[in-house]
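1. give me a model of this one.
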Amino acid sequence: MSEHSAAFAELLEINERIGPAESAADKAWFEDLLHERFTMRRPSGPLSTKEEFVAGLATGAERRTTMLDLEIHGPHRAVARCTVEKWALDDPQIVQRFDNLRVFLHEDGRWQLITWLTEPI
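-> Numbers count the residues shown, from 1 in each chain. Just a heads-up that it's a prediction; the model follows:
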């Protein structure tokens, strides 16, 4: 497998793991994944730092990710775009949908999420 193919497979796996990790409030996994300068734009608009994002994790609704695009730009940069469906805990018939743009850096031998922008669909 080429380096590009291996990076693509790794990034695809990371992106597919984000939803279940968020639903399970897997703080250790996110501590490892998120870059120290991570920033997230929440669907409601405010920005969150790594510390705020991790502190706010709580076991919650099921999420399903559908990858739309994954681009690797050289050895250190990648951009992923996906939609995420999130089921309401109190009413599983209600599904929220979000458009996500995620920017990754490859540092210290691993991919780290540095920017995550999400908007409701």
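2. pLDDT (mean, whole number) over stretch 96-105?
-> In this model, stretch 96-105 has an average pLDDT of 97.
3. and that stretch, which residues are buried?
-> Phe98, Asn100, Leu101, Arg102, Val103, Phe104, Leu105 (16 or more other C-beta atoms under 10 Å). Glycine gets a C-beta too; all of them are placed from N, C-alpha and C.
4. got it, and stretch 77-85?
-> Residues of stretch 77-85 classed as buried: Ala78, Ala80, Cys82, Val84, Glu85 (neighbour count, 16+ other C-beta under 10 Å).
5. okay, now the unreliable bits of this protein?
-> 1 (pLDDT under 70).
6. in it, which spans are helices?
-> 3-23, 27-33, 50-56 (DSSP state H).
7. Ile72: which of those is closest?
-> helix 3-23 (5.6 Å; C-beta to C-beta).
8. and the closest one, what other elements does it pack with?
-> Counting contacts by 3 or more C-beta pairs under 8 Å, 6 or more residues apart in numbering; DSSP states H and E, helix 3-23 is packed against helix 27-33, strand 63-73, strand 77-87, strand 95-107, strand 110-120.
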